[in-house]
Each structure stands twice: as C-alpha cells, then as structure tokens.
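Participant: just coords:
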Ligand code: SF4
Ligand code: SF4
C-alpha cells in the first residue's frame with residue numbers, strides 16, 4: 001500500500017476562480033430539447049421506463065434499475081419523449097439516452113417529501129435519497145444512498161462535508177455553500193442520522209472564508225455537533241483519501257473505503273441534494289455548474305437542467321471563437337469533449353471552454369526519467385511506471401503497483417516536462433484491466 005506522502009515541488013496552480021467565485025448562481029435558459037443519459041453514475045445503467053411519445057413532467061422517473069448500485073434518472077423538463085437511442089456521453093462513447101422535447105410549461109410531477117423526517121428511520125431517509133436519484137456531484141457519481149448505507153460492522157464516528165473544490169476555475173460548490181448554508185446543515189443532519197455518526201466536520205479551503213462563516217452560522221442554528229475546519233488551499237486536499245488523512249490523521253487502506261476508518265464523506269452540493277430529496281421529495285434534475293474559460297464571454301455559476309447539451313451551455317454563456325478545448329470538470333481532472341452534443345449530467349461540476357493559452361499540453365516527447373511525477377503523487381504511486389506498463393501491453397502488472405489507487409488528480413500530468421498525458425494513459429490502463437477481468 002502506498003503511503004500518503006509529503007508532496008514536493010508542485011508548482012502553484014493558478015486558481016483562476018476570481019471571475020466566477022463572486023458570481024451568484026444564475027439559472028441558464030432551459031433548452032428546447034434535453035438529452036438525459038440512462039447512465040450518469042457508477043454502477044448499473046438504468047433501463048428506460050418511458051416510451052417514445054409519452055408525456056412527462058419534471059421529476060418523472062424516465063429510467064431505473066433494480067441493481068443496488070444504481071440511481072434512477074428523471075425528466076428535467078416537461079414535454080414529450082421524442083427519442084430513446086444511443087447518444088454521445090461526456091465520459092466518452094455513447095450510451096442510451098432519453099430525449100425530451102420541452103413544452104415550456106414547467107409542470108412538475110407529484111413530489112413525495114418525508115413529512116416528519118425527524119421521526120423517519122434511516123432506511124426511509126435512504127429510500128428518499130435513492131428515489132431522488134442523488135449521486136456524488138463532485139465528479140465521481142457514486143450512488144449516494146449506497147454510500148449512506150455502510151456495512152453493518154462499520155462504526156462511523158465522523159461525517160466530513162467536503163467544501164474543498166481545489167480544481168482551478170471551479171466555484172460552484174463555493175457558491176452553494178455561500179447561498180444555501182441552511183440546506184447544507186439540514187442535509188448534514190440527515191446524513192449523520194443515516195450513518196449514526198455522533199459528529200461532523202465541514203472542511204473548507206481557507207480561500208472560502210465567506211462560505212465558512214455562513215456555514216458556521218447555519219450549523220450553530222441547526223444545533224448540530226459539527227465544526228467548520230478551515231484548511232490550507234491545496235489542490236489535491238479535496239480528494240477523499242487525502243482529506244480524511246488531513247482532517248483526522250487516518251489512512252484509508254489500499255482498495256478500501258472511508259468507512260473502513262470510521263468516516264463517511266459527502267460533497268457539499270450532494271449534501272444539499274440530500275436535504276431537498278428528504279424535505280421536498282425533489283429529484284436531482286438540475287445542478288450548479290461553473291462555466292468558464294477564455295472561450296466564453298459570460299462566465300459564471302449557472303443552474304443547469306440535467307440533459308442540457310454543452311453546445312447550448314456555451315451558446316448561452318457567449319461562446320467565443322478562441323476556444324481550443326472544451327472540458328467537462330476542471331482542467332486537472334476533467335474530460336476533454338470531442339462532441340458538444342453531449343449533455344450536462346449529475347456529476348458535471350464545470351464546463352470549461354479553454355483558449356490556447358489556457359491549455360496545458362504541448363507535444364509529447366520521450367520520458368526523461370526525472371521522477372518529478374513520483375515526487376508529486378499524493379499517494380506515492382509511480383505514474384511513469386504505470387504508463388510504461390500500460391503502453392507496453394502489460395496493464396495487469398500495474399495492479400501490483402496500485403494503479404487502482406490512482407484517483408486521477410492530474411498532478412503528475414501537470415508537472416511532467418515531457419508533456420506525457422499520464423492520466424489519460426492510466427485511465428486507459430484501468431479500462432484495459434477491467435475489460436481483461438470481465
Ligand atoms: S513521466 Fe514525465 S515526470 Fe515522470 S519521470 Fe518521465 S518525464 Fe519525468
Ligand atoms: S493522477 Fe498521477 S499524481 Fe494523481 S494519484 Fe494518479 S498517479 Fe498519482
């Protein structure tokens with residue numbers, strides 16, 4: 001198991017958050033068509049529960065699965081289903097998606113809030129979270145109801161709410177914490193109850209002092225056994241493994257989970273979605289997304305319906321000709337988009353339209369064995385070796401070097417003087433191993 005190590009020689013990342021961090025959340029114009037993928041989460045894909053021609057209201061279930069590790073998907077506009085077919089997906093390739101023509105009426109389904117959540121059992125609360133299709137909104141997309149149901153032999157003593165958001169440009173979580181601190185506190189209350197945790201820590205980067213103040217007040221009003229912990233700004237500190245170590249000094253074992261060390265962590269936007277699922281029965285049909293980069297005239301934090309295409313997002317934000325690359329997520333961990341008809345999904349934290357001077361990679365040249373990638377890896381992996389093994393057709397050997405512990409933070413990629421796309425290759429290595437094992 002690689003040990004969490006003291007990292008060295010990481011050049012400071014240019015956060016570039018000033019433009020959007022001060023911008024209040026603004027609704028983006030709802031498109032005439034939404035394309036809602038039946039896979040927006042880790043686990044089993046959903047199967048469609050509607051047919052072409054069916055009328056739908058906002059919040060109607062349009063896809064579901066009986067698998068434990070899955071989450072239903074819902075209509076994000078009212079109107080009519082006009083297509084169910086393979087469509088481009090922002091994580092690559094195509095997946096089945098339900099296309100809905102918006103009738104502009106904004107009609108909602110009948111919501112099922114929990115009337116007396118304080119009296120509800122943890123199972124009832126989790127069922128509400130699952131019904132609402134809540135998944136991890138920081139990028140991973142793991143079904144939240146499953147995360148809130150740790151194994152019976154795990155004793156959870158601490159919940160961590162993650163407000164770190166270290167990726168450059170992104171500030172959607174910051175705005176959520178600032179604008180909805182009461183709902184963060186409310187969601188945290190139900191998380192603590194579901195996992196039977198006696199205390200909580202809300203981890204906030206030191207450059208978000210305004211959010212920390214708002215959260216402190218909300219937690220005090222809610223009377224929760226929770227503290228706000230301000231942590232130094234450090235790009236990788238928001239990664240679950242690193243955060244648990246930083247906050248509690250506990251090391252999650254290789255291949256393990258936070259519950260192995262008594263912790264459940266939740267991203268702040270997900271925490272708000274949990275509150276809305278329980279209090280209002282509100283499904284996850286929209287989210288706050290940072291839209292930024294030199295390729296847009298009106299960067300900001302937009303409230304965007306799930307299924308809105310990147311093309312529509314960029315048009316509404318004032319697309320400029322200078323765009324070199326469009327990325328879903330942040331520039332470090334995000335996924336470059338080849339087809340802008342792909343839609344915003346539940347884990348979409350950002351849509352970045354980067355101008356050439358904002359893109360990191362020049363032409364790749366051979367590895368010079370400087371070991372800089374090793375020095376910066378927060379969990380002590382050997383990225384150059386993982387890449388070498390993948391490229392020479394031996395990805396299975398990379399499992400012995402903990403390839404699956406790589407959480408794709410992008411730091412190795414960022415410092416590599418040879419411009420080797422280490423994370424892309426490591427991702428490909430993981431895919432090859434999974435396929436070989438299937
Ligand atoms: S992959 Fe890049 S950073 Fe790592 S040893 Fe090679 S040149 Fe250096
Ligand atoms: S992306 Fe690179 S630096 Fe980050 S965890 Fe993976 S190997 Fe380590």
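Facilitator: Structure's in. What do you need? Given the structure is predicted, the values throughout are model-derived calculations rather than measurements. Ligands and ions are numbered 1, 2, ... in the order given.

Participant: Up against ligand 1, what does the stretch 251-400 of the chain have?
Facilitator: Contact residues (C-beta under 6 Å from any ligand atom) of the stretch 251-400 of the chain with ligand 1: 367-373, 384. (C-beta placed from N, C-alpha, C; glycine too.)

Participant: out of these, which are buried?
Facilitator: Among those, the ones that count as buried by 16 or more other C-beta atoms under 10 Å are 367, 372-373, 384.

Participant: ok, how many other residues are close to the closest residue to ligand 2 within the stretch 101-250 of the chain?
Facilitator: The stretch 101-250 of the chain approaches ligand 2 most closely through residue 236 (7.1 Å), counting by C-beta to the nearest ligand atom. Using other C-beta atoms under 10 Å, residue 236 has 24 other residues around it.

Participant: Now residue 15. Nearest residue, chain neighbours left out?
Facilitator: residue 168 (5.3 Å; C-beta to C-beta, 6 or more residues apart in numbering).

Participant: Can you report how many residues lie near that neighbour?
Facilitator: Number of residues near residue 168 (other C-beta under 10 Å) recorded here: 17.

Participant: Could you look up the SS state of it?
Facilitator: With DSSP: H, G, I helix; E, B strand; the rest coil as the basis, residue 168 sits in coil.

Participant: now the chain, which segments are flagged as low pLDDT?
Facilitator: Applying pLDDT under 70 to the chain flags residues 1-12, 360-361.

Participant: Give me every residue in it lying close to ligand 2.
Facilitator: Proximity of the chain to ligand 2, by C-beta under 6 Å from any ligand atom, involves residues 376-377, 379, 381, 383, 406-412, 422-423.

Participant: Tell me the one of those nearest residue 259?
Facilitator: Lowest distance from residue 259 to the residues of the chain next to ligand 2 (C-beta to C-beta) belongs to residue 407, with 16.9 Å.

Participant: about what we covered before: pick out the most distant pair among the buried ones among the residues of the stretch 251-400 of the chain next to ligand 1.
Facilitator: By the measure C-beta to C-beta, 367 and 372 form the most distant pair in these, at 10.5 Å.

Participant: got a list of what the residue nearest to residue 15 touches?
Facilitator: Contact analysis of residue 168 by C-beta atoms under 8 Å, 6 or more residues apart in numbering lists 13-17, 235, 330-332.

Participant: try 7 Å
Facilitator: Applying C-beta atoms under 7 Å, 6 or more residues apart in numbering to residue 168 gives the contacts 13-16, 330-332.

Participant: hmm, back to that, among the residues of the stretch 251-400 of the chain next to ligand 1, which are located in helices?
Facilitator: 372-373, 384 (DSSP state H).

Participant: re the thing from before, let me know the closest of the residues of the stretch 251-400 of the chain next to ligand 1 to ligand 2.
Facilitator: Using C-beta to the nearest ligand atom, these come closest to ligand 2 at residue 373, 6.5 Å.

Participant: give the contact list for the closest one.
Facilitator: 383-384, 412, 415-416, 422.

Participant: sorry, back to before: confirm that the residue of the stretch 101-250 of the chain closest to ligand 2 sits in a helix.
Facilitator: Yes. Under three-state DSSP, residue 236 falls within a helix.

Participant: Quick check: it touching residue 411?
Facilitator: Yes. Counting by C-beta atoms under 7 Å, residue 236 does reach residue 411; the two are 6.2 Å apart.

Participant: Find residues that contact each of those two.
Facilitator: Shared contacts of residue 236 and residue 411, defined by C-beta under 7 Å, 6+ apart, comprise residue 378.

Participant: neighbours around the closest residue to residue 136 other than its chain neighbours, how many?
Facilitator: Spatial nearest neighbour of residue 136, chain neighbours left out: residue 142 (4.6 Å); criterion: C-beta to C-beta, 6+ apart. Residues within reach of residue 142, counting by other C-beta under 10 Å, total 16.
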